[in-house]
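**Student:** next one to model:
(chains A and B)
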Amino acid sequence: MQAFLLPVIKRALESASITTEKPVQIEKPADSRNGDYSTNIALMLSRECRRNPRELALELIGHMAFPEGTVGKMEVAGPGFINFFLEPSFIMQSVEHILHEGKGFGTSCAGKGKTAIVEYVSANPTGPLTIGRGRGGVLGDCIANLLETQGYAVTREYYFNDAGRQMQILGESVRYRYLERCGRDVAFPETHYQGDYIREIADVLFIEHGDALAGSAERSVFKETAETIIFDSIRKTLERIGIRHDTFFNEHTLYMERDGDPSSNARVLELLEEKGFIGRYEGATWFLTTKLGQEKDKVLVKSSGEPSYRLPDIAYHLDKYHRGFDLIVNVFGADHIDEYPDVIEALGILGHDTSRIRVAINQFVTTTVNGETVKMSTRKGNADLLDELIADVGPDATRLFFIMRSKDSHLNFDVELAKKQSKDNPVFYLQYAHARICSLLRMAAGETGFNPAGSGHHLLQMLSLEPEVRLGFALLDFPEIIRNAVRMLEPQKMVEYLHEIAELYHKFYQECPILKADPETRTARLFLSVATRQVLRNGFRILGISAPESM
RNA sequence: GUGCCCGUAGCUCAAUGGAUAGAGCAUCAGCCUUCUAAGCUGAGGGUUACUGGUUCGAGUCCAGUCGGGCAUACCA
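**Tutor:** Residues are numbered from 1 along each chain as shown, chains lettered A, B, ... in the order given. Coordinates of the predicted model:
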């Protein structure tokens, strides 16, 4: 929207014989009394031009000329800002674009022809998903949605391992519960998985096989059954909040040799060795990260001969590069904070462009129930199961609450608030605005035959009241908000923005009668409502929440 | 000890280095014979943890201090 200001400002600088390396910054002032748009160019240049910023600003204004009917007023204000005030008719005319572009409004071609992979959730199938995983899952899903709006072909990937020690313990845990179920006297080890779901899996086996497996030497059935059941439950849980993955990458494949070729893990060791970053001592194989200024080297192969998690991690990311992705996004929780710097260092050493990797780390989740804070990392009872949260507050509230705070902030999930069917609940505030518009349009269709897809868009420019113009102007920010959210990998920006749109619409609705206005004003206001509904829908789609037509 | 994140209204949180730091909740006062009151209007509430620095300008950047979280495994 503000793009048209840029060339005029640049031309004004030329006319004033000013050449500078500094970029022209155009911003939207927080206070609309300071204009619809504003530039600080005179402040930035005052030093190198040795000019008083206000004087400089005044001269620049003298060199600026805009087409008739666009910028109504320019002024120098404060220490030397140049403020631009747009003509209301110009703003409202621009709102027509939203109607023309419809579902496509807000999208961009910035990522056209490029591919991106977003890795998220990536929980091993050792147990049901916890609330903490849910936050990363929704964050990753929204980031993938955001990238798609920019034209990227996005692959949503889930990385897991069903071959490690944890999975062995899982299988053993099930076996112990099964033996208990068979009436055998066994002592369940404290180090094993305690959750009730283990008993349920054991029950499944008992019902199917009776005690036939109790004496068997074959133990893989316990692990495999557990994996199948748990993975199934994870996928169902994710499905409930609209999360789906395109690909599931099994870490185990990185250990496997193919047609006599070395495994991916072994290949990574070879490559790092060629670069001189591999050392062997104390019986283990080390990534010599001390050469990169780190305090300690990192173990890649344990003295037992097994790779530590770091090696397959590097191999996995190498694989992402081999698959040719232009952008690689990893989403994970704060507990993995130490994991990625080594991976990125290794990829850099191996000659890959590490600027293609973006890492989104989300901080932890606590929940409050009846004002009591419950920390999620303590795994007591079933209170932290994602599935139960979804059942409790619903999929829309689950998703929105996870992303309505910045990912860098600890999230306080107020379960009582999320359940409320009232205005306190931000989910309802947003959805109510949408439902209200739908209801209005239904009524308009019945009473006046208004067609949202019909003609008459040009009438928009006759609207000039403050609630109308403020709403229209805010709607035009949508593409910019998406770009920001993409740049920062931060869907929270979208939540904040949609809240503002809902608020502006409610104000407009309150102050400007729509169906009772004269026919032209009525049509114009209905189209403004249609445009608002479009922005809400497009935003909801990115966030993955539903757009109810009535409430 | 070291690394990363956080510290903003009573509470939960916003604020691409910009102008008088904003929302929601809670508190108080108003608006429905009128298109959804699941809404709107108004009031009170702040030394942005602290101390310095950089700059025309700092909640934001830098250094340090204090507090909280997460990591600092031959676990993943």
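
**Student:** write out the residues of the stretch 301-450 of chain A neighbouring RNA strand B.
**Tutor:** Residues of the stretch 301-450 of chain A found near RNA strand B (CB under 7 Å from any atom of the strand) are A:302-304, A:306, A:308-309, A:334-339, A:361, A:363-364, A:375, A:377, A:405-406, A:408-412, A:414, A:421-424, A:426, A:428-429, A:432, A:435-436, A:438-440, A:443. C-beta: built from backbone N, CA, C; applies to glycine.

**Student:** how does it look with 6 Å?
**Tutor:** A:302-304, A:308-309, A:334-339, A:363-364, A:377, A:405-406, A:408-412, A:421-424, A:428-429, A:432, A:435-436, A:438-440, A:443 (CB under 6 Å from any atom of the strand).

**Student:** narrow those to those in strands?
**Tutor:** Using DSSP state E, the members of these that fall within strands are A:411-412.

**Student:** narrow the residues of the stretch 301-450 of chain A next to RNA strand B to just the buried residues.
**Tutor:** Among these, those buried by neighbour count (16 or more other CB atoms under 10 Å) are A:308, A:339, A:405-406, A:411, A:428-429, A:432, A:435-436, A:438, A:440.

**Student:** from the residues you listed, which is closest to residue A:485?
**Tutor:** residue A:406 (11.3 Å; CB to CB).

**Student:** what parts of the stretch 451-551 of chain A come near RNA strand B?
**Tutor:** Residues of the stretch 451-551 of chain A lying near RNA strand B (CB under 6 Å from any atom of the strand): A:496, A:503, A:506-507, A:509-510, A:513-516, A:550-551.

**Student:** what would these look like in JSON lines with neighbour count, pLDDT and secondary structure?
**Tutor:** Compiled in JSON lines, these are given as follows (neighbours: other CB atoms under 10 Å; pLDDT from 0 to 100; DSSP: H, G, I helix; E, B strand; the rest coil):
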{"residue": "A:496", "neighbour count": "14", "pLDDT": "93", "secondary structure": "helix"}
{"residue": "A:503", "neighbour count": "15", "pLDDT": "93", "secondary structure": "helix"}
{"residue": "A:506", "neighbour count": "16", "pLDDT": "94", "secondary structure": "helix"}
{"residue": "A:507", "neighbour count": "14", "pLDDT": "93", "secondary structure": "helix"}
{"residue": "A:509", "neighbour count": "19", "pLDDT": "95", "secondary structure": "helix"}
{"residue": "A:510", "neighbour count": "9", "pLDDT": "92", "secondary structure": "helix"}
{"residue": "A:513", "neighbour count": "11", "pLDDT": "94", "secondary structure": "coil"}
{"residue": "A:514", "neighbour count": "19", "pLDDT": "95", "secondary structure": "coil"}
{"residue": "A:515", "neighbour count": "13", "pLDDT": "95", "secondary structure": "coil"}
{"residue": "A:516", "neighbour count": "7", "pLDDT": "92", "secondary structure": "coil"}
{"residue": "A:550", "neighbour count": "9", "pLDDT": "92", "secondary structure": "coil"}
{"residue": "A:551", "neighbour count": "12", "pLDDT": "86", "secondary structure": "coil"}
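
**Student:** which residues touch residue A:248?
**Tutor:** Listed by CB atoms under 8 Å, 6 or more residues apart in numbering, the contact partners of residue A:248 are A:157-158, A:160.

**Student:** again, but for residue A:462
**Tutor:** Residue A:462 makes contact with A:89, A:92, A:520-521, A:524 under the criterion CB under 8 Å, 6+ apart.

**Student:** and if you look at residue A:176?
**Tutor:** Counting by CB under 8 Å, 6+ apart, residue A:176 makes contact with A:186, A:188-189, A:192.

**Student:** closest one to RNA strand B out of the contacts of residue A:462, please.
**Tutor:** For the contacts of residue A:462, the residue nearest RNA strand B by CB to the nearest atom of the strand is residue A:521; the value is 11.1 Å.

**Student:** go through the buried ones among the residues of the stretch 301-450 of chain A next to RNA strand B and name the one with the lowest pLDDT.
**Tutor:** Lowest pLDDT of those: residue A:339, 80.

**Student:** my read: that one touches residue A:314, true?
**Tutor:** No. Under the criterion of CB atoms under 8 Å, residue A:339 makes no contact with residue A:314, lying 10.5 Å away.

**Student:** tell me how far the residue nearest to residue A:57 when sequence neighbours are not counted lies from residue A:523.
**Tutor:** Leaving out its chain neighbours, the residue that sits closest to residue A:57 by CB to CB, 6 or more residues apart in numbering is residue A:42, at 3.7 Å. The gap separating residue A:42 from residue A:523 is 43 Å, by CB to CB, to the nearest Å.

**Student:** neighbour count winner among those two?
**Tutor:** Counting neighbours by other CB atoms under 10 Å for residue A:42 and for residue A:523 shows that residue A:42 has the greater number, 25 against 22.

**Student:** quick one: mean pLDDT for the host helix or strand of the more buried one?
**Tutor:** Using DSSP states H and E, residue A:42 maps to helix A:41-49. Helix A:41-49 carries an average pLDDT of 88.

**Student:** C-terminal to it, which secondary structure element comes first?
**Tutor:** helix A:53-62.
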